[in-house]
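Undergrad: dropping the sequence and predicted coords here.
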Amino acid sequence: MARPDGYRYLKTHEWARLDGEHCWIGISDHAVGHLSDLVFLDLPECGQDIMQNEPFGEIESVKAVSDLYAPMTGEVVERNDRLIEELDMLKRDPWNDAWMLKVRMEKPSEFENLLEDGSYQRMIDSEDH
């Protein structure tokens, strides 16, 4: 599955996509593939603040529980409750329907600190070897 343009990444495989004063957050197809059989997702409530590079939730597979790290700092204005109920959405399309949070950004310049697609791909390639 090709990654769409305009996304940036943390080394922990979370993505961010800017939309005006907001940022959409999710996890990459690479992360989904490594997690395999997903059983639980814990996301913050609307109104909560998240900070770049700090845990904001957890995703659990039959193998392990993994922290989810915030690619951007801001206030959660929307969360994808449908995804919590239908974790298989992540396998079908982790980029659009399976977004996790919509955040009102506090520091839009943080986006520049995230990995661009080419750098993210090189990191994945080095992990897989």
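TA: Right, received. Where do you want to start?
Undergrad: buried set for stretch 48-65?
TA: Residues of stretch 48-65 classed as buried: 50, 52, 56-57, 59-61 (neighbour count, 16 or more other Cβ atoms under 10 Å). C-beta coordinates here come from the backbone N, C-alpha and C atoms, glycine included.
Undergrad: let me see the ranges of the strands in this structure.
TA: Under the criterion DSSP state E, the chain contains strands at 7-9, 14-19, 22-27, 38-42, 49-50, 55-61, 65-69, 74-79, 101-105.
Undergrad: show me the contact partners of the fifth one.
TA: In this case it means strand 49-50. Applying Cβ atoms under 8 Å, 6 or more residues apart in numbering, the external contacts of strand 49-50 come out as 44, 56, 70, 72-76, 101, 103, 106.
Undergrad: any idea how far Asn94 lies from Asn113?
TA: Rather than Asn, residue 94 is Pro. Between Pro94 and Asn113 the computed distance is 22 Å (Cβ to Cβ, to the nearest Å).
Undergrad: more neighbours: those two, which one.
TA: The neighbour comparison of Pro94 against Asn113 (other Cβ atoms under 10 Å) goes to Pro94, with 24 against 13.
Undergrad: who's in contact with the more buried one?
TA: With Cβ under 8 Å, 6+ apart, Pro94 has these contacts: 26-29, 31-32.
Undergrad: out of these, who's the most crowded?
TA: When neighbours are taken as other Cβ under 10 Å, the top entry among the contacts of Pro94 is Gly26 (27 neighbours).
Undergrad: tell me the pLDDT of Asp37.
TA: Per-residue pLDDT puts Asp37 at 89.
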